[in-house]
Structure formats: C-alpha cells, structure tokens
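A.B. asks: fold the following and give me the result.
(2 chains)
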Amino acid sequence: MQKRTDTQGRSTLLSNTREGTAWVAVPRFLAKMKVYGKHRFPGRLFVVEGIDGSGKSTQLALLEKWLESEGYGTFFSEWNSSALVRDVTRRGKKKRMLTPMTFSLIHATDFADRTEQHIIPPLKAGALVLADRYIYTAFARDVARGVNHGWVRNLYRFAVKPTIAFYFRISVDDAMKRIVGGRDAINYYEAGMDRQLSDDIEESFRLFQGAVIDEYERMVDEFGLVVIDASRSIEEQQVQMRAIVTKALTGARKNRIRRWVDLNSTARASRP
Amino acid sequence: MGRFEFYGPGLPAVEAGELKGKLVVVEGTDGVGRSTHVGLLKEWLEGKGHAVLGTGMTRSALAGKGLKAAKEGHTLGGITMSLFYATDFADRLENEMIPALRAGFVVLTDRYIYSLMARATVRGADPEWVKGVYEFALKPDIVIYLRATVDELMTRVVQTSGFNYWESGMDLRLGEDMFDSFLAYQGRLMAVFDTMAGDYGFRVVETAANIQNVSDEIKTLLEPLLIPV
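C.D. replies: Coordinates of the predicted model:
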C-alpha cells in the first residue's frame, strides 16, 4: 500500500512539473510548521527577560526550586545553549566574524534547535519549561543592532508563545553595578562593541544596553510582558513572581518527570 | 548606479545602490548539470573579458564546519537546519558576493536562496515564513533555472555520483530506500521550484538537449545583461 501511495504522489507531481504551470494551492505536504500562539501543549512555559545584571537568572533559579518542591516536573532552558550550534557562535564571537545579520541568524538557529529538542518535547510531556531569555532578547538586541523590526519578528515565528514572560526592568547604571567582576566581565558583543558606538567598553555598554532597554519597553505592550521592578528586594520580586505563576498552574501536571530533570543538569553545566 | 535592490528590508549597513557588477544565479535540483554549466559559463565570461567570482553552496567560513558536524548527527530538526543554512548563506553573501559586486565583478553562483527555500519548504516550513527569512538577500540580475524531469535526473544520478542521503531526502522518510525517496523528494523540490519560477521570474532552460545547445541557450539569455567589452 505504501508503494502505491508513493507512486501516486509522484505521478501527480511529475505531471505538474511537465506542464510547468504555477501552483496556486499550497501542495498538501507543505506547511506543517506551527506558528507563535498556535501551539497547544499540556505543559507551561515561563520566561524571564531583561538585560545582563537585571537579576532575572537569580529569580528564575528561585522559582525553579520552589516549583520542584511543590512537586512539578521542571525543565530549564537557556539562551545560546544548543550543543549543535554553540561552537559556531563561540567561534564567530571570538574571532569577531559576526555581522548584525549573521549574529541574528545564528542565534535564531540556536533557538530553533532548543525549541525543537528541549522546549517542545517537555511541553508535550506536560512539564514546566523555564527559559532564561527568549525571543524577546533577540528582538531587543537585533533591532538595537540595526536589523529590521518586522524581519526579526518573522524569523522567530516558529517559537512557542510563553504562558508568562517576565521582564525585569532596571536602569543601565544599576545593571552595571551588579555585573559580577565589573568592567572586565563585560562581554564584547553584550557591550555592542561591534557597533562602534564608543571605544570605551563601559560607555559602549551604556549606549547599547540603553537601546536594548528601549526595545524591551516597546515590547511590554506588544507581547504582554509582565514587568517586575528589578530594583526591589530579591524576596519581594520572588513573592510577586510566585503569585503570578500560581495562577497559571491550574490544571498543570504535578508528576515529576525524571528524564527532564536529568537533561536539566546537563544543560546547566554548559554555559555559553 | 542604484540598480541593485534587496527582496525586503535587506542587510544593515549595506547600501544596495552602491553595488556594481552583475549577479547571475544558476538554479536547479541535484543532478541537473548545474556545475557543468557554471563551469562553461565562467570560461565564456572570462574569455569575453569579465572578471568572474564563481561561488556556490560551498560552506562559509563562519558556519561551514558547524553545519557539516550538525548534519552528521541525528538530532538536526527541520527549522534548525533551515536557519543554519540561512546563516551560512548570509555569511557568504556579506563576505564574498557583496564585496565582489562592489568591485564590479560578475558573481556567478551555483544555487542561491531558492534551493535553500525549496529544501526548507519540503521539510514542512511555512512558505511565507521562509520567504520572509530570505528577504535580506539581493535580487539577482537573472536566475537561470535548469530543469529536467525526475526520470532524467534519476538516470543521471545513477550514472554519476549515485544516490546520497541528503539529496534523496532520507531524513523525510518518504520511501523505503534511497531510490524511492529520491523520486519523491526531488519531485517535491521540483514542485516548489516550479511555483517559485513564476514568483521570482526564473528563466527556465530545459536540459534534455545536449550540453552545447543548453549552454548556448544560457549564453543567449545572459548576453543582453553584460556590459560590452
């Protein structure tokens, strides 16, 4: 039977090819891709966003501990962590080979791999996926680098829409003070040094991250980001987060999924 | 000159209008004889006094190695693969093709975004999404689309390189073996190419005739584009 279907499919395609007529209808084998807002999974996806030094990773780790203790299966996924793509990104950054366009595309590739391998499968299994940075990071950074606003939004259309996306609001000056290791710890691309805004890395960081913050602020309404005031105490922020997350947990599965927990530890070990 | 333009918003910090040269694309599925014709064209163009940059889907300095390694594993998903190719293409567009065009070369490329778009589409990506992703590309001066029937392709492949895993679309599990899969996969690619032929104004050249006649037909199409030497 299988063969029969194949031969049939083939002859249809061949006759169309010979005639050379343009196809109006999309052939039936096309367009399996689900787009933003159209995925339906039993799991939940919680995302934290904000610039370096906003404290978002600390908050996500605390949230994870709490969810685990409540008996939920969680899976942690981090920006820039695809094993398939990481070497290319690392090399590109180290040798400073990246243009705004390739910077944007390589991060989208990394994110696609994470989506296909590490975000969709646990969501299908009913797990809670916790993501440190998501597509909004790309929208903010890439647009701040001069990439077209609409183009980059289309690029990430395959992404799963988060259940809740938290945005940790902080000023550049406050973020700078919190970056562990100070000036020497500032990353070349994170400071937007490729944009030649300033020869001074601190000044460049200020200018570039200022532009990134402007983009985040524009996205608050566009994507319904939940704003957390990152200048408040760690405890206050966590209480606020937990209250919001609790409301989204109605009906979520409470079974711990061992496999995701194991993968989780591997993902954590490999920072970009 | 103001002659070149992008399909969409284009590349940050690249002014399409300041590019000179010509961008000539040769497209077609696997085994259709693209590389033979690209070779013949390059010789002919250089003979006429044009500086030619021959390029193709050779891997980029940035993503080449990573893409090769990723394809050797078994976890490469459809969307990830499409975007990896887009990254690879962007690196070559910005670092090879655009500098050559700026210098007034004829850039002769064996495949362009259309092959990449077709591969992504047959792997289930939304055609509108794919089209949007590649809107950073330059519109070529001409796209020569070499076409053959699947039967002709199959005969050529059997006689030359044999079937290979990716050219047979084995990752899509369309058939029991490489032969069945090749037929189904190349048939799907062609259906997508035929749609694009209209949308993007391909110049279709049937490759059933002998190599010399096909080559002459391509040259006739190119002639009016070239700056007389």
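
A.B. asks: can you show me the CA trace of the helix or strand of chain B with the lowest mean pLDDT as PDB?
C.D. replies: In chain B, no helix or strand scores lower on mean pLDDT, DSSP states H and E than helix B:64-72, which sits at a mean of 76. C-alpha atoms of helix B:64-72 as PDB (Å, rounded to 0.1, in the frame of the first residue of the first chain):
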ATOM      1  CA  GLY B  64      30.500  25.700   7.300                       C
ATOM      2  CA  LYS B  65      32.200  23.300   9.800                       C
ATOM      3  CA  GLY B  66      29.300  23.500  12.300                       C
ATOM      4  CA  LEU B  67      26.700  22.700   9.600                       C
ATOM      5  CA  LYS B  68      28.800  19.700   8.500                       C
ATOM      6  CA  ALA B  69      29.000  18.400  12.000                       C
ATOM      7  CA  ALA B  70      25.300  19.000  12.700                       C
ATOM      8  CA  LYS B  71      24.400  17.000   9.600                       C
ATOM      9  CA  GLU B  72      26.500  14.100  10.700                       C
END
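
A.B. asks: and the lengthiest helix in chain B, does that touch chain A?
C.D. replies: Using DSSP state H, we find that the single longest helix of chain B is helix B:178-199. Yes: with C-beta under 8 Å from any C-beta of the partner chain as the criterion, chain A is reached by helix B:178-199 at B:180, B:183-184, B:187-188, B:190-192, B:194-195, B:197-199. C-beta coordinates here come from the backbone N, C-alpha and C atoms, glycine included.

A.B. asks: how about that helix: buried residues?
C.D. replies: In terms of neighbour count (16 or more other C-beta atoms under 10 Å in any protein chain shown), helix B:178-199 has its buried residues at B:178, B:180-197.

A.B. asks: now render the residues of helix B:178-199 next to chain A as a markdown table, adding distance to A:G53.
C.D. replies: Formatted as a markdown table, those follow (distance: C-beta to C-beta, whole Å):
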| residue | distance to A:G53 |
| --- | --- |
| B:D180 | 56 |
| B:L183 | 56 |
| B:A184 | 52 |
| B:G187 | 54 |
| B:R188 | 49 |
| B:M190 | 53 |
| B:A191 | 51 |
| B:V192 | 46 |
| B:D194 | 53 |
| B:T195 | 49 |
| B:A197 | 52 |
| B:G198 | 52 |
| B:D199 | 47 |
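
A.B. asks: save those as JSON lines, and put in pLDDT too.
C.D. replies: Putting the residues of helix B:178-199 next to chain A into JSON lines (pLDDT from 0 to 100) gives the following:
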{"residue": "B:D180", "pLDDT": "84"}
{"residue": "B:L183", "pLDDT": "84"}
{"residue": "B:A184", "pLDDT": "86"}
{"residue": "B:G187", "pLDDT": "88"}
{"residue": "B:R188", "pLDDT": "89"}
{"residue": "B:M190", "pLDDT": "91"}
{"residue": "B:A191", "pLDDT": "91"}
{"residue": "B:V192", "pLDDT": "92"}
{"residue": "B:D194", "pLDDT": "91"}
{"residue": "B:T195", "pLDDT": "90"}
{"residue": "B:A197", "pLDDT": "94"}
{"residue": "B:G198", "pLDDT": "92"}
{"residue": "B:D199", "pLDDT": "92"}
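
A.B. asks: per-residue pLDDT, A:F29?
C.D. replies: pLDDT recorded at A:F29 is 47.

A.B. asks: next one: B:G124
C.D. replies: At B:G124, pLDDT is 85.

A.B. asks: list phi and psi for it.
C.D. replies: As for B:G124, its main-chain torsions (degrees, to the nearest 10) stand at phi 100, psi 0.

A.B. asks: swap in A:G71?
C.D. replies: phi 90, psi 10.

A.B. asks: correct me, but it touches A:K254?
C.D. replies: Yes: the criterion here is C-beta atoms under 8 Å, and A:G71 meets it with A:K254 at 4.8 Å.

A.B. asks: if we can go back for a sec, the longest helix of chain B packs against which elements?
C.D. replies: helix A:2-19, helix B:113-122, strand B:142-147, helix B:150-159 (3 or more C-beta pairs under 8 Å, 6 or more residues apart in numbering or on different chains; DSSP states H and E).

A.B. asks: now the third one: average pLDDT?
C.D. replies: When pLDDT is averaged over strand B:142-147, the result is 96.

A.B. asks: that one: which residues count as buried?
C.D. replies: B:I142, B:V143, B:I144, B:Y145, B:L146, B:R147.

A.B. asks: what pairs with it, parallel or antiparallel?
C.D. replies: strand B:22-27 (parallel), strand B:203-206 (parallel) (DSSP bridges).

A.B. asks: what parts of the stretch 101-250 of chain A come near chain B?
C.D. replies: Close to chain B, as judged by C-beta under 8 Å from any C-beta, the stretch 101-250 of chain A has residues A:101-102, A:105-106, A:108-109, A:112-113, A:115-117, A:145-148, A:150-151, A:154-155, A:157-158.

A.B. asks: list the residues that contact the residue nearest to the spatial centre of chain A.
C.D. replies: Geometric centre of chain A, nearest residue: A:Y134, 2.0 Å, by C-alpha atoms, centre = their mean. Neighbouring residues of A:Y134 by C-beta atoms under 8 Å, 6 or more residues apart in numbering or on different chains: A:V47, A:E49, A:W79, A:A159, A:P162, A:A165.

A.B. asks: and the residue of the stretch 151-272 of chain A nearest chain B?
C.D. replies: A:N154 (3.8 Å; C-beta to the nearest C-beta).

A.B. asks: which SSE is that residue in?
C.D. replies: Per DSSP states H and E, A:N154 falls inside helix A:149-155.

A.B. asks: for the least confident helix or strand of chain B, packing partners?
C.D. replies: helix A:86-94, helix B:78-92.

A.B. asks: what distance do you get for B:G33 to chain A?
C.D. replies: According to C-beta to the nearest C-beta, to the nearest Å, B:G33 stands 17 Å off from chain A.

A.B. asks: count of neighbours near that residue?
C.D. replies: Applying other C-beta atoms under 10 Å in any protein chain shown, we find 20 residues neighbouring B:G33.

A.B. asks: hang on, it packs against B:L153?
C.D. replies: No: the pair B:G33 and B:L153 does not pass the contact test of C-beta under 8 Å, sitting 9.6 Å apart.

A.B. asks: which ones are touching residue 108?
C.D. replies: Assuming you mean chain A. A:A138, A:L155, A:Y156, B:L83.

A.B. asks: let's do chain B instead
C.D. replies: B:L108 touches B:V24, B:V26, B:V38, B:L41, B:K42, B:L45, B:V52, B:L53, B:G54, B:T55, counting by C-beta under 8 Å, 6+ apart.

A.B. asks: what does the helix or strand containing the third one contact?
C.D. replies: Using DSSP H and E, B:V38 falls within helix B:34-47. If you take C-beta under 8 Å, 6+ apart as the criterion, helix B:34-47 is touched by B:24, B:26-28, B:52, B:54, B:56, B:106, B:108, B:110-111, B:144, B:146, B:211, B:214-215, B:218-219, B:222, B:226.

A.B. asks: now do it against strand B:22-27, angle only.
C.D. replies: With axes from the mean of the first three to the mean of the last three C-alpha atoms, to 10 degrees defining the directions, helix B:34-47 sits at 160 degrees from strand B:22-27.

A.B. asks: contacting residues for the residue positioned nearest the centre of chain B?
C.D. replies: Central residue of chain B (C-alpha atoms, centre = their mean): B:R111, 1.6 Å from the mean position. Taking C-beta under 8 Å, 6+ apart, we find B:R111 in contact with B:V25, B:V26, B:E27, B:R34, B:G56, B:M57.

A.B. asks: closest to B:L19 among those?
C.D. replies: B:V25 (15.1 Å; C-beta to C-beta).
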